Structures are given as structure tokens and as C-alpha cells.
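Enquirer: Provided below for reference: sequence and predicted model.
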Amino acid sequence: MSHSYYNEMWQKAMEELSENIEIENPPPQLDANGTPLPEQDITWNDAFQHYAVLYVRYIQILRKLEDCYDQVVHPQKRRDVKKALACTSCRLVQVKHELFKFGPDGRLQDYLNLDELLLDLKLGPDALEIPVPRYFKERNRDDDEENNKRDILEKCLEEHGVQGGVGDEDIFMLMPKMTKEQAIRIIQKNERGRQGAVRAKLMKELRDEEIMRRLMAQEGQQEKDPWHAATLIQKTYRGHRSRTQTKKQAEEELVFIGMRPQSKNPNDAKNKYNPKQKEAQIRRNRKTRQADNELKFQDALINLQQSVHDSEGPGMKDFMWDERYTWWIEQKEQTGKYPDSFDKFYVDQEYKRKLAENPELALEPPKPKEKKGKKGKKGKKGGKKKGKKEKKGKKEEKKKAKGKTGK
């Protein structure tokens, strides 16, 4: 397949994904006056049907995205496809759990039975097969995040008693080890089955020969007519030649309408077109180009970062320095002293950024944080002074009273 084919497939997958999101989050229904209508209750069967259709659609989207990620050679496109693929996989698992909850007739179920839905959608049983993304097997030893995930997976497998872990093989053999006796029994069982099949075939041939002998004995050994024998030979040969010509014409017709590629020498088995081998070869070439493009992309990022640092770095540094120096001078002119830090500068910058994003939103200008506790202390001091004055007044009154009594 060409690169444009996978670009179109990616576009279709994203369009279907957007449709699924709209189906899951429908807009509110409004009446003629524009007021939202109350939501209607749905039955268990309707909920199950809803999630079942979403489940099948997510599987189809997952297949398309997985093919695109495996075949696209552009590194930046592959990163975007991988994000969509991961999100689709997570949502697929969530919808599957919802299907277990919303079983038919309100019952919980342990497995999914979607035969009727596949019949209504005119799909085959393979439409429910969830593909394993092929990039799981392409391990990057330098990726720390992926190595941590594999370590967690190996620990989970060990806890559940699955030995062997996750290796670098193309096929993961997640099964317990086999003893020597079990292997011998399996080999013996297969060999006895093979011998029984051969023996049954031989007995069938013997029975057919016995039946032919009986027929020949009943008819007698009569000499055949030469003309009759020649007619039988001609009939057999003409039938074989007609079948060969018909098959050849059918192949030429398929080549003519484009259903089968034309081979240079159809009689030579080595020169015959093998689509599976061609597909494997194209995939190897694409994987090689993917690796080369990824290396070039990483080198280009480093070079671009260095070039930006060399060309625009000094200008950006001067601009930022001038901006802070201007604010510093303005604060000196407003307050009469230089600020101790640039915290208020960053607060002002954040306020300007929010105001630029939402010009209609009237944001209050940022206010400096007031120091708490001073007013309270003053109040306490004032209260103490008042208390002292009151005490002094009471003492003076007592002294005056004693003087009067003494007189």
C-alpha cells in the first residue's frame, strides 16, 4: 500500500472516532422555545445495544490506527497516531466493562455474546477479534518508561504463577513448563493417531479393491471393443483439455480486470507472484525507513535546538533582561525603593496573559498579599493601655475615699 493510502485510512479512523465521541456525548434536546427537554429513561436492552455498537466500532477504529502506526514512516505522524491508538485502546476496555454491567434483561454476564449484532451489521466473527498492536514486540531498550512497564508486567505474571515472563520473542509462551514424561505422552498420542489414520486409509483401499474384484467376477473377463476403448480415451482427453482451457481463460480474465497481477512466466513456479512475500518485503522496507527517519528526526531536534540557542538565544536573553530591568526601575519610581524579588513581576505577567486570552473577562488587578497580625497586635496594645488607665482611675478613687474617712 502507498503512503497516501495510510494517510487516508488515518483520516477515516479519526473521523469515525469523532463520530463515536458525538454518539457518547449527544447534545441536549431542545424544544421550540429553546429550553432543554428532560432526559428519557432507557431500558437495559437499549443500553446494551448502545454499548455493543460502540464496542464494535472501537475495534474497527483500533485496527485502522494500528495498521497506520505500523506502516507510516513519518516520525511525527507516528507519534500522533500512537496517542490516538493508546486512547482508543483504553476506551475500548472501558466500553467492554460497561457491556458486562449492562447485560441483556438487566443481568450481569461473564462473556460477550454479540452474534445477533454482527448479523444485523452484516459482519463476520473476525470483526470481534482485537488485534495486538505490533509495536508491543518492537522493544526499545533505551526507553526507560517501556522498561518499567515490562518490569511491572513481569512482576504481575510472577504473582499469578505464570513462569517465563515477557521475552523478546515474537510469540509469548505464557504456559507452565512441561516435564519429560508429559512430552513423551503427547508424542506417543500423536504417533498413535497418525498410525491409526494410515491404517484406516489402507483398509479403505483394500475394501475398494475387493469390491472391484467382485464386480469384475460378475461381469466376466470379456474383451473390450477397440472402438469403444478409443472413444473412452478421446472423451477423457477432451474433458481434460476443456478444463485446462477454461481455467486458463478464467485466469486471463482476472488479469484483464485487474483482480490478479500478470506474471511473466506462469509456468515457472519461481517467477509466480506471491502477495504474502511481497507484503512482508514491503513491511521490512518500511520498518527500515522508519528507523532511519527516527534517527534523522532525533538528530534534527538536537541541531534545531542548538541553532535556536545560538541564533535567537542572545536576542531572547536581552529582551528578557530589558523587560525585567524596566519593571525594576518602574517599581523604584512608584514605591521609592527597589523590590527585593521578582515575584510581583511574574504575577503581573500572569495577569497580562489571562487578560490577553480573555479580553472580555474583566479580571481584577493582582493585589499584593497583606501582612496579617499587625492590626491585631495594635488592637491588643490599645486594649492593654485602656485597661491600665481604668486600673489607675480605680486606685485614685480608693485613695480619695480613704482620705475622707481618715479625716
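Expert: Looks like it arrived, so ask away.

Enquirer: where does Gln29 land on pLDDT?
Expert: Gln29 carries a pLDDT score of 76 in this model.

Enquirer: Look up phi and psi at it.
Expert: Here the main-chain torsion angles of Gln29 (degrees, to the nearest 10) amount to phi -80, psi 130.

Enquirer: where's it relative to Glu22, distance?
Expert: Taking Cβ to Cβ, to the nearest Å as the measure, Gln29 and Glu22 are separated by 14 Å. Just so you know, the C-beta spots here come from the backbone N, C-alpha and C atoms, and that holds for glycine as well.

Enquirer: Please point out which parts of stretch 9-21 sit buried.
Expert: Within stretch 9-21, the residues that qualify as buried by neighbour count (16 or more other Cβ atoms under 10 Å) are 9-10, 13-14, 16-17, 20.

Enquirer: Enumerate residues external to it that contact any of its residues.
Expert: Contacts of stretch 9-21 with the rest of the structure, by Cβ atoms under 8 Å, 6 or more residues apart in numbering, involve 54, 57-58, 60-61, 64-65, 67-68, 72, 77, 81, 84, 88.

Enquirer: ranges for the strands of the stretch 1-150 of the chain?
Expert: Counting by DSSP state E, counting those that start in this stretch, the stretch 1-150 of the chain has no strands at all.

Enquirer: quick one: low-confidence ranges for it?
Expert: Of all residues in the stretch 1-150 of the chain, those with pLDDT under 70 make up the ranges 1, 104-106, 139-144, 146.

Enquirer: Pull stretch 101-119 out as CSV, backbone CA atoms only.
Expert: What follows is the C-alpha trace of stretch 101-119 in CSV, where atoms were taken according to Å, rounded to 0.1, in the frame of the first residue of the first chain:
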residue,chain,number,x,y,z
LYS,A,101,-22.6,-4.5,33.6
PHE,A,102,-25.4,-3.7,31.1
GLY,A,103,-26.2,-7.3,30.2
PRO,A,104,-29.4,-8.2,28.4
ASP,A,105,-32.5,-8.0,30.6
GLY,A,106,-30.5,-6.4,33.4
ARG,A,107,-28.3,-9.4,34.1
LEU,A,108,-24.5,-9.4,34.6
GLN,A,109,-22.6,-11.6,32.1
ASP,A,110,-19.2,-13.1,32.1
TYR,A,111,-18.7,-13.2,28.3
LEU,A,112,-19.9,-11.2,25.3
ASN,A,113,-22.5,-12.7,23.0
LEU,A,114,-22.8,-10.3,20.1
ASP,A,115,-23.9,-12.8,17.4
GLU,A,116,-27.2,-11.0,16.7
LEU,A,117,-25.5,-7.7,16.5
LEU,A,118,-23.0,-9.0,14.0
LEU,A,119,-25.8,-10.4,11.9
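
Enquirer: what about Ile184, how many residues close to it?
Expert: 10 (other Cβ atoms under 10 Å).

Enquirer: One more: the one 3 residues further on?
Expert: Close neighbours of Ile187, defined as other Cβ under 10 Å, add up to 10.

Enquirer: ranges for the helices of the stretch 301-407 of the chain?
Expert: Taking DSSP state H, counting those that start in this stretch to define them, one finds helices in the stretch 301-407 of the chain at 313-335, 343-357, 374-406.

Enquirer: swap in the stretch 1-150 of the chain?
Expert: Listed in chain order, the helices found in the stretch 1-150 of the chain under DSSP H, counting those that start in this stretch are 3-24, 44-71, 75-101, 115-121, 144-159.

Enquirer: Can you say which of the ones you listed is nearest to Arg284?
Expert: Arg284 sits nearest to helix 44-71 of all the helices of the stretch 1-150 of the chain, at 11.7 Å, using Cβ to Cβ.

Enquirer: on that earlier part again, which of the helices of the stretch 1-150 of the chain sits most buried?
Expert: Stretch with highest mean neighbour count among those: helix 44-71 (a mean of 19; mean count of other Cβ atoms under 10 Å).

Enquirer: quick check: angle from that one to helix 75-101?
Expert: Helix 44-71 and helix 75-101 meet at an angle of 160 degrees, taking axes from the mean of the first three to the mean of the last three Cα atoms, to 10 degrees as the criterion.

Enquirer: So which other helices or strands are in contact with helix 44-71?
Expert: The contact analysis (3 or more Cβ pairs under 8 Å, 6 or more residues apart in numbering; DSSP states H and E) places helix 44-71 against helix 3-24, helix 75-101, helix 115-121, helix 275-311.

Enquirer: would TSV of the helices of the stretch 1-150 of the chain with distance to Arg353 be doable?
Expert: Formatted as TSV, the entries for those read as follows, by distance: least, Cβ to Cβ, whole Å:
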stretch	distance to Arg353
helix 3-24	30
helix 44-71	36
helix 75-101	27
helix 115-121	50
helix 144-159	32
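
Enquirer: related to what we said a few turns ago, so which of the buried residues of stretch 9-21 comes closest to Asn113?
Expert: Relative to Asn113, the closest of those is Asn20; by Cβ to Cβ it sits at 22.1 Å.

Enquirer: Show me how far the biggest helix by length in the chain is from its chain's centre.
Expert: In the chain, taking DSSP state H as the definition, the longest helix is helix 180-219. If you compare the mean C-alpha spot of helix 180-219 with that of the full chain, they lie 52 Å apart, counting by Cα atoms, centre = their mean, to the nearest Å.

Enquirer: what packs against it?
Expert: For helix 180-219, where contacts count as 3+ Cβ pairs under 8 Å, 6+ apart, there are no packed helices or strands.

Enquirer: Thank you kindly, that will do.
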